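Engineer: Following is a predicted model, sequence given first.
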Amino acid sequence: MTVKYSPAFFKKLKKVDVRIRKNVKEKILLFSKNPSDPQLNNHLLKREYKGHRSINITADWRALYRDLREGEDNVAYFVALGTHRELYK
């Protein structure tokens, strides 16, 4: 699976604490090897994020993505990063 990022995801990533950035890097690496790893708590979302999935970055931080197809390749397109409260209010 290929991992890609939206400009909004990168913009938010630049603004967060270095510890969060390190956790994002570690979790995305883990995700690229095994999207179903229990540490990620990968799950489908509802309501305003219907069609998106979420993975845990820390106990409070989440990364949201969509599963896309580009030709023969599956792509995880990460679109949002934030705390649980920021994303789900």
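Structural biologist: Structure's in. What do you need?
Engineer: Just the buried positions in the longest helix that the chain contains, please.
Structural biologist: Counting by DSSP state H, the longest helix found in the chain is helix 18-33. Buried positions in helix 18-33, judged by neighbour count with 16 or more other Cβ atoms under 10 Å: Ile20, Asn23, Val24, Lys27, Ile28, Phe31. The way it works is simple: take the backbone N, C-alpha and C, and place the C-beta from them, glycine included.
Engineer: I figured the fifth one hits Val3, correct?
Structural biologist: Yes. Under the criterion of Cβ atoms under 8 Å, Ile28 is in contact with Val3, at a separation of 6.1 Å.
Engineer: Quickly list what's touching both of these two.
Structural biologist: Residues touching both Ile28 and Val3 by Cβ atoms under 8 Å, 6 or more residues apart in numbering: Phe78.
Engineer: Can you list the residue ranges for strands in the chain?
Structural biologist: 2-5, 43-44, 53-56, 61-70, 73-83 (DSSP state E).
Engineer: Could you check how far the longest one is from the centre of its chain?
Structural biologist: Its chain's average C-alpha position is 5 Å from that of strand 73-83, according to Cα atoms, centre = their mean, to the nearest Å.
Engineer: hang on, the earlier thing: nearest to Lys12, of the strands of the chain?
Structural biologist: Lys12 lies closest to strand 73-83 among these, at 4.6 Å (Cβ to Cβ).
Engineer: helices and strands around the closest one, which ones?
Structural biologist: strand 2-5, helix 7-15, helix 18-33, strand 61-70 (3 or more Cβ pairs under 8 Å, 6 or more residues apart in numbering; DSSP states H and E).
Engineer: Lovely, talk soon.
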